[in-house]
Structures are given as structure tokens and as C-alpha cells.
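Colleague: build the 3D model from these lines:
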Amino acid sequence: MTFLLQAGATQTRPTFWQISPVGEVLFYYLAAVVIAVFTYGVYDRFARYSRGTDDWFERLDDLSSRIVSAVKIVGSNEKQFNRDLYGGVMHAFIMWGFLTLLIGTTILAIDMDIWTKALGQPSFFVNEFYLSYSLVMDALGFLFVVGIGMALYRRYAVRTDRLWGKHTSLEDDLFIWTLFLLGVGGYLTEGVRILAQDFPEFETVSFVGWFVADVLQFAGVTPEMALALYPMTWWSHALLALAFVAAVPYAKPFHMISSFANVVTRVELAGKRLPGVPADASPDEIGASSIDDFSWKQLLDQDACTKCGRCSSVCPAKASGRPLDPRDVILDLKTYREDLDAGRTEEMPIIADGGTSVIDSHTMESCMACMACMDACPVEIEHLSSFTEMNRRLTESGQMDENVQEAMMNIFSNGNSFGDPQRKRADWTDQLDFEIPDAREESVEYLWYVGDYPSYDERNKRVARALATILHESGVSYGILYDDEQNDGNDVRRVGEEGLYEMLTEDNIAAFEDCDFEKVVCTDPHSYNTFKNEYPDFGWGGEVYHYTQVVEELVTSGKLGLRGNELDYTVTYHDPCHLGRYNDEYEAPREVIRATGVMLDEMPRNRSNSFCCGGGGGGLWMDFEETSKPSEERIREALEDTETGSAVEKFVVACPMCMTMYEDGRKTGDYEEDIDIVDVSELVVEALGAMDKANL
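Modeller: Sure, this is the predicted structure:
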């Protein structure tokens, strides 16, 4: 930019131009007060977290790599772009514009207060540096204003539903309009100064400020008028900026700090691996009965929430009319905590079935544990860990849903949720014309954990026979546990019954350790998740696979002999939550499906955006009043909204719970004549021409 320099002149601008010495002293005094208020507020917030139940440093291992990872996630805005291009661009403009203005202000303070005044050095805020600085600040500041404009348009013109709700308040309006006035006010101040200085040629680099000066001049403002107006615009902008900084720790702007801290301290396996209960905890100490029973990370989650509503917009429980909005739960807890600390409310139970409590029991019972809320959250709020603490309190206080309680008693007494005798667990094998090896008596490569529903539910027994046929036809070494198999415990844990879950893990691990095998293969993604992600906390860490992963390898290696042209109809595939969102396995089932020769037509909501069947988190055992069943809504989507619009003949699943929920939804939604529900394994058996062998 050397071409902009004028011979013998210094290109810069005086910081306190037209501000008296008294005004300058007043500004520094106010700035010192603001910094003190800000610092205390941030300290007080983080000191509050220390009252949580766990150690501050528990999640701060390898802090440097955590910060680097968080900078990448936050800096790239990858979570904001997820499913929302407009929102991603908007937030990127706001965030990078704001950070640039903050960094620019910091650089100016360093030059003015440290470099020149404290160290007595000549200012570096001149010539090429000043011109570069001005260009960058104008450019990124302009993007900041554009981003705020986009936010205002979406909020007030479009009125995007998810931005409004129970906790929408004046605070939200003040936040967005303050940012807008800060951005516009900065350019107005710059434009007034440029006009008052009679358009210094080098200030063309400040192209937005120059444009504002042109507009002011066109409107009839003279340099003399601008000179008189400048102190007022400068003070208006300065006071608003100082007030905003002071308010950061006490209002919605705090999310700029708390959300980054939340990303830094996130747990990679959050939701997939639930926190355990201390071995010495008494029944009264299990779960969240008071706000201080939450961990410091769960308290930080509450402060990190930006009210964006992304979690609410993807929650299948909310969409089906159940009394759950994940955003409201997090913010209800935050509001209660703040009101309690301020003396605005009396202490009450966190959760209860009826009566006065922060969260009603039916709200938590509605959760499907699908993790859609966590996947959609741009600031890594770990909803499911907080929800589980409340479910544990319901369990320990005897307020569990009656149907769930019956299922828990069945599991406790018989090792399965059906309450059938354990000796009948392998009766489904009687209809096969081949014997399934007993992994308790011989060494095998694959220990096949069949699961409750494939063992006892009539519809899912067909899935078990289909998978047994695939394994038999492929010639792999496999075996099952017969009546030594017990419920895996995944959903037992997610409804809050931690004691029963621990008992099941001990029994299943003991059964595993009595066998000689290389890998565990699971029919059910729920089993796959808890064996893979949670059993290691209890001392077992074997290799675990979902059956579609194993079948994909068998197909790829040629052991199944599929040629890819056996079937010629159109299907769609539903991603199970525990296989997809929980464990990032999306391609193995699809590769197996395509290998049968069918045309796979995707529903709009697929992979990580898949819509839960409604069976997770104990939903399979409960009855709900719903405006529409998630399973019915999903089948409608399969019939009407696939990518190509082809007539879908079969709805393919890879989870026994999904099979049960969708067979029910097909009946209650009157779709029995329109579509069939089949498992991936059944599709493979049909392609192999082995339907009779599997007795399907």
C-alpha cells in the first residue's frame, strides 16, 4: 500500500481526537471499572462451577491438544454449518468480524498504553501498518454487520421457529441489537471523523467509513458539523462498548466464553458412555436431587446454551408431541440455578412425578436417548448425561414409569425384558435345519451376542434366523452363549437403573471370559454400543462389531457369493441411532444392501440426521400420548419424500428395536399394504436364495 503514502506525511489517526484530557481520564476510569466488573463476573461464574460434583481437572488432561481441537471446531464453524448453510455463514461472519474488531482494539490499546506511554517507544500505528490495519478492520467489520443483519432478518422477518420459545426474552433482543449498534456505530464514528478531517486521501483504505462519510456529506452534513458531532458519536460508541463488555459475564454474551470452554472440555464419548455412580454412593446420593448434584461440566453446559434451538428442531420426542424440549430442560435448570443463587426462588426437587419440581418426570421419560440433540448442538452440550442423572433420581426415589419398572423386574428376575424363562432364550434356533455352535464349549472367531428381541420376539426371531443362515453359509467360525446370555443393559442404564446395569455387565463379562473367541458380533446396535463404549469401564475391552460390519466383510471377501444383481426392487434404509449417531457407522449397512442388487433410495433425513424410531431410552416399553408416532412419521417419509421419488417397496432396518417400532407404526399408520419392514440380514438371505433354509 506504499502507493497511498503522501510525501512528508504520517498516515494515522489520533485515538482521542476531539476528546478533552478530562474526557480521556474519564474513559480510562470507566474502562478500569468495566475490566474489574468483567473479571469478577467471569471469576464468579467459574467459581460456581466448582460446586459441581466432580473434579475441575478431571477433563483437563492434555489441555493443549484440547484447545487446538476446540479452536479448529469453533474457528471453522463446522457445527454451525451442519444442516444450516445460512446459519453457518451468518455465524462465521459475526464471529470472525467480532474477533477481528476485538483483536484490533487490543492492538490499538497495546500501541497506545504500553508501547508508547509505558515503554516510551514511537507509535507503530502509522503508515503501512495503519493502512493495513484499517483495511482489515473495515473489511471484517463489514462482514460482522452483514452477519448481524442476517441474524436480524432470520429472527424478526422470517421468524425461524426454533429461535423462539419458552425462554425467549428481552435479553435476546438486547444482545442482537447491541451488537448491531456496535457495528454500525463504529462505522458512523469513522465516517464522521473522515468527513470532519475533510477526506484525507489515505483514508480511502477505510472503504466502509469513507462510504459513510460520502453518505453524510450527500445528506448535507458539512465538515464543520461533523467536527462538532464527532465527540458525541465517539462517546456513544465508547459507552455502549464498555457497557457490553461489563455485561458479558452476567447475560447472554457470556456464551462467547462458556461455549468455547464447553468445546474444550467436551468428552468424545459423551452420551455413548454414560458416567458411572460412585461405588460408595447411598441411594439418596444417586442422581440429581439438587442443582449441586450436577457436575461442573453439566453446569457449564447450562451456561453454554445459546438458545439457538437446533436441539429442539431435531428432537423426535418434541416432534411427536411428547412433553420434551431439550433446550427448555437445559435452560430450566439454568434459570432455577440462577434464581436460587439470587434468592428469587426456594429450593425444590430437580425432578419429580407430580408436585413442584424443576423438571417433570414425564419430560425425562419422553427422551429417546437418540442423541440427535447432542449431534445438532454447536457448542457440545452433553444433554444425555444430565438427563440420565435425573432419570437415576426417579429410579432411586421409586418414581419410574410402571411399564419400565415391569421391564426392569423382568430383566432382574429372568435376564430379559420379556420375563420369559432364560432356558427359552435359544428356542428360536429350533426352526433351523443346522446346529448353531455353543461358544461355551468350543473356540470360535465370532461370539455372537443375539440379544433379547431376536431371542424372544416372534418378528425378530426371523432376523436371528436370517443372520444365523448368513454366518452358516459363509463358513465363518461362530457361536452363541445360549442361556448364559443376559440383557446387554444399554437401555437399562439410560432409563436410570444403574444398579441393575452394573449387575448385567458383571454377568455378561463373566460369560464372555468363560469363552474362547476373538470378536463379539451383535445383532442389536444398542448391545454394540454398550459393549464397545461402556463395558471397558468395567474391565472388559474386547473387539466388538455390529453384524452389518461383519457381513460387509463377508460380502467384500466373496464368502457370501453375492453378485449384486439378485434383487431388482427399490428400498430405503433407516439409520439406527446407536449404530449411526452413536458410533458413526453409516456405510457398512449400505454396502451390504447394495450388494443384494436393490436400488437404495435415501430418505431426506439420513445418516447423522436420521429420525429416531421412538424405541430408545426405554421408549419401547412405554406408552405415550403423541400427536404422531415417530415410526409413522418415518414410514410416511419413506413413502413420499425419498431422493428420487421412486416407489419404495421395502423399509430396511438394522436394529431389532427399530423392527418392532416400525412394524407397529406400519399397522397403526395403516401402511400395511404400502410397504414391508425388513432387516438387512433378511434382504441378504433373500438375495442368497436361502429363505427356506432360514425358515423365513
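
Colleague: now the end-to-end length of stretch 122-130.
Modeller: Stretch 122-130 has an end-to-end distance of 14 Å (CA to CA, to the nearest Å).

Colleague: mind listing what the spatially most central residue of the chain touches?
Modeller: With distances taken as CA atoms, centre = their mean, Met374 lies nearest the centre of the chain, 2.3 Å away. By CB atoms under 8 Å, 6 or more residues apart in numbering, the contact set of Met374 is Ala270, Gly271, Cys311, Glu380, Ile381, Glu382, His383, Leu384. Where C-beta positions appear, they are placed from N, C-alpha and C, glycine not excepted.

Colleague: again, only using 7 Å
Modeller: Ala270, Gly271, Ile381, Glu382, His383, Leu384 (CB atoms under 7 Å, 6 or more residues apart in numbering).

Colleague: can you list contacts of stretch 325-345?
Modeller: So stretch 325-345 is contacted by 165-167, 291, 301-303, 305, 307, 309, 311-312, 315, 318, 347, 358-359, 363, 373, 381, 383 (CB under 7 Å, 6+ apart).

Colleague: inside helices: which ones of these?
Modeller: Judged by DSSP state H, the contacts of stretch 325-345 include Asp301, Gln302, Asp303, Cys311, Ser312, Lys318, Thr363, Cys373, His383 as members of helices.

Colleague: Lys117: which of the residues you listed is nearest?
Modeller: Comparing the ones in helices among the contacts of stretch 325-345 against Lys117 with CB to CB picks out Asp303 as the nearest, at 36.7 Å.

Colleague: out of the contacts of stretch 325-345, which end up buried?
Modeller: Buried members of the contacts of stretch 325-345, counted by 16 or more other CB atoms under 10 Å: 167, 291, 301-303, 305, 307, 309, 311-312, 315, 318, 358-359, 363, 373, 381, 383.

Colleague: which positions within stretch 353-364 qualify as buried?
Modeller: Ser357, Val358, Ile359, Asp360, Ser361, His362, Thr363, Met364.

Colleague: which pair in those spans the largest distance?
Modeller: The widest separation within the buried residues of stretch 353-364 (CB to CB) is 13.6 Å, between Val358 and His362.

Colleague: joint contacts of the two?
Modeller: Between them, Val358 and His362 share no contacting residue, judged by CB under 7 Å, 6+ apart.

Colleague: and Arg51, which of the three is it?
Modeller: coil (DSSP: H, G, I helix; E, B strand; the rest coil).

Colleague: who's in contact with it?
Modeller: Counting by CB under 7 Å, 6+ apart, Arg51 has contacts Asp292.

Colleague: ok so, going back, return the member of the contacts of Met374 nearest to Tyr586.
Modeller: Nearest to Tyr586 among these, with distances taken as CB to CB, is Gly271, at 17.4 Å.

Colleague: now for the nearest residue to that closest one once chain neighbours are set aside: which residues touch it?
Modeller: Using CB to CB, 6 or more residues apart in numbering and skipping residues adjacent in sequence, the residue nearest Gly271 is Leu384, 4.0 Å away. When contacts are counted by CB under 7 Å, 6+ apart, Leu384 touches Gly271, Ala369, Met371, Met374.

Colleague: so which of those sit within helices?
Modeller: Met374.

Colleague: which of the contacts of Leu384 sits closest to Pro283?
Modeller: For the contacts of Leu384, the nearest to Pro283 is Ala369 (23.0 Å; CB to CB).

Colleague: what's the neighbour count on Glu190?
Modeller: 24 (other CB atoms under 10 Å).

Colleague: same question for the helix or strand hosting it, mean pLDDT?
Modeller: Per DSSP states H and E: Glu190 is located in helix 170-196. What helix 170-196 shows for mean pLDDT is 97.
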